[in-house]
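**Q** Fold the following, please.
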Amino acid sequence: MSEEKFYHFGYASNMLKERLLVDRPNAYKKFVCVAKLQGYKLTFDRIWPLPGDWHGPCATIRPDPGVTWGVVWELEKGDKDALKNQECKLNDIDVIVEDQFGNKYTCLVFEMGGSDHPGERPSPQYKDIIIRGARQSGIPEDYITVLESFEDNGYDGPHALYSQVLESLGHQAFVTLYISSIGSRKLSMRTFLYFAFGSNLLKERLHIENPSAIFKGIAKLQGYKFLFSWGNQDSSPEEACWKGCAANITEDPSSHVWGSLWELKDEDRPSLDRQEWGYNPITVTVCDDKGATYTCLTYQMKGEPTGETLPSPQYKDIVIRGAKQSMLPPEYIKFIESFPDNKNTTPVDIYDHIVKSLT
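**A** Model (predicted):
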């Protein structure tokens, strides 16, 4: 990492990229990984008498034998003061966190000082942003369950910061408050947008685990390039279910990636995450052929590329079938067809299943 950058460990609302950028919309940001902080637990406290921007207490970490999960972000050092200003009521400290592969990162994190109001309930809006960030980043599902278990304070009045974050996500029109049968206030999110660029271009492949997906059209992701790669250092591509490398995107200012835009029910997000278990979820902005822009979920392969680049002919065929089904530009389809494959001839069960569903 460059001396001009630093790592920030976001464990609450800053797990959501759109919240992190509210005060720094043009800030350099890079999702590094999901990581865990040992010896701390997450709780909700406040040290000031007023509710604040989130209409309730804020998250903090406290020493504890447990673990706190969060996101490691790479930020410009010039943005450090703005980040500290956002977290003005908290103390900044350095901690060491560890990702799922055992890699360690020294990160700036924020911890509340003494507390006069420990263990209070957060607003449902603040809690929702934390959970959205956890899902967007691929935090382990059992930890998300822990986050969901915190009771909220039922606040349902105006919430400027929450509305601002939702607007940047493109979800404002889909958000409603309702009263559940037990009388507690909860947030109901209906749908989200997903940008597919690999095998999920094909409806029949995506619908295996995500039957609610509705095709909305094609879109272009600028500043990224398409490739086939492999990021698992502990196994070879031939051991995977597709018997070869998988589609991936990497940042490249001079390139673009075409894909299909899908609308899914929020309840299907966990199944999409499970299907894309080898990828990190990221949020991107894409545009359609009319110039309209959309904020979408997509996935980028975990780990450092091993140098492997060959997909199986079966996997490549599904990607091309999906590109043609979605009616991506002909020149882009030719671009995908130009990639060599690994000539695999062993059976690929998922391929046989999909092809059978097409006949």
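**Q** Quick check: which element contains residue 350?
**A** In this structure, residue 350 sits in helix 349-358 according to DSSP states H and E.
**Q** Give me the neighbour count for residue 163.
**A** 13 (other C-beta atoms under 10 Å). In short, each C-beta sits where N, CA and C put it, glycine included.
**Q** ok but it is inside a strand, no?
**A** No. Using DSSP: H, G, I helix; E, B strand; the rest coil, the secondary structure at residue 163 is helix, not a strand.
**Q** In this model residue 10 seems to touch residue 17, though I could be wrong.
**A** No. Assessed by C-beta atoms under 8 Å, residue 17 is found out of contact with residue 10, at 9.2 Å.
**Q** what touches both of the two?
**A** Residues touching both residue 17 and residue 10 by C-beta atoms under 8 Å, 6 or more residues apart in numbering: residue 133.
**Q** Now the helix or strand harbouring residue 294: average pLDDT?
**A** In this structure, residue 294 sits in strand 293-301 according to DSSP H and E. Here strand 293-301 scores 93 as its mean pLDDT.
**Q** And for stretch 201-214?
**A** Stretch 201-214 comes out at a mean pLDDT of 88.
**Q** do stretch 221-235 as well
**A** Per-residue scores along stretch 221-235 average to 85.
**Q** Show me which residues of it are buried.
**A** Neighbour counts over stretch 221-235 (16 or more other C-beta atoms under 10 Å) mark 221, 224, 226-232 as buried.
**Q** nearest to residue 286, of these?
**A** Checking the buried residues of stretch 221-235 against residue 286 by C-beta to C-beta gives residue 221 as the nearest, at 4.9 Å.
**Q** Am I right that that closest one is in contact with residue 249?
**A** Yes. In this structure, residue 221 is within contact of residue 249 by C-beta under 8 Å, at 7.1 Å.
**Q** between these two, what contacts are shared?
**A** Common contacts of residue 221 and residue 249 (C-beta under 8 Å, 6+ apart): 197, 257, 298.
**Q** Generate a ChimeraX selection restricted to the buried subset of those.
**A** Command for ChimeraX, covering only those of these found buried under the criterion 16+ other C-beta under 10 Å:
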select :197,257,298
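**Q** Could you tell me which of the buried residues of stretch 221-235 belong to strands?
**A** Under the assignment DSSP state E, the buried residues of stretch 221-235 contribute 221, 224, 226-229 to strands.
**Q** so where's this protein shaky on pLDDT?
**A** 1-2, 23-29, 46-52, 88-89, 114-119, 168-189, 232-237, 359 (pLDDT under 70).
**Q** so where do the helices sit in it?
**A** Taking DSSP state H as the criterion, the chain carries its helices at 17-20, 80-86, 124-137, 141-149, 160-169, 203-206, 269-275, 313-326, 330-337, 349-358.
**Q** I'd like to know which elements the fourth one is packed against.
**A** Under the contact criterion of 3 or more C-beta pairs under 8 Å, 6 or more residues apart in numbering; DSSP states H and E, helix 141-149 touches helix 124-137.
**Q** helices or strands next to the helix it packs on in the packing?
**A** Going by 3+ C-beta pairs under 8 Å, 6+ apart, helix 124-137 lies up against helix 17-20, strand 58-76, helix 141-149, helix 160-169, strand 185-189, helix 269-275, strand 279-287.
**Q** got the contact list for the shortest one?
**A** Contacts of helix 17-20 from elsewhere in the structure, counted by C-beta under 8 Å, 6+ apart, are 10, 13-14, 29, 31, 73, 129, 133, 136, 165, 168-169, 282-283, 295.
**Q** and what of the third one?
**A** Contacts of helix 141-149 with the rest of the structure, by C-beta under 8 Å, 6+ apart, involve 42, 69, 127, 130-131, 134-135, 270, 273.
**Q** hmm, 6 Å instead?
**A** Applying C-beta atoms under 6 Å, 6 or more residues apart in numbering, the set of residues contacting helix 141-149 from outside is 69, 130-131, 134.
**Q** Can I get the residues you listed in a markdown table including neighbour count and distance to residue 4?
**A** Shown next, in a markdown table, are the contacts of helix 141-149 (neighbours: other C-beta atoms under 10 Å; distance: C-beta to C-beta, whole Å):
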| residue | neighbour count | distance to residue 4 |
| --- | --- | --- |
| 69 | 22 | 28 |
| 130 | 27 | 29 |
| 131 | 19 | 33 |
| 134 | 25 | 29 |
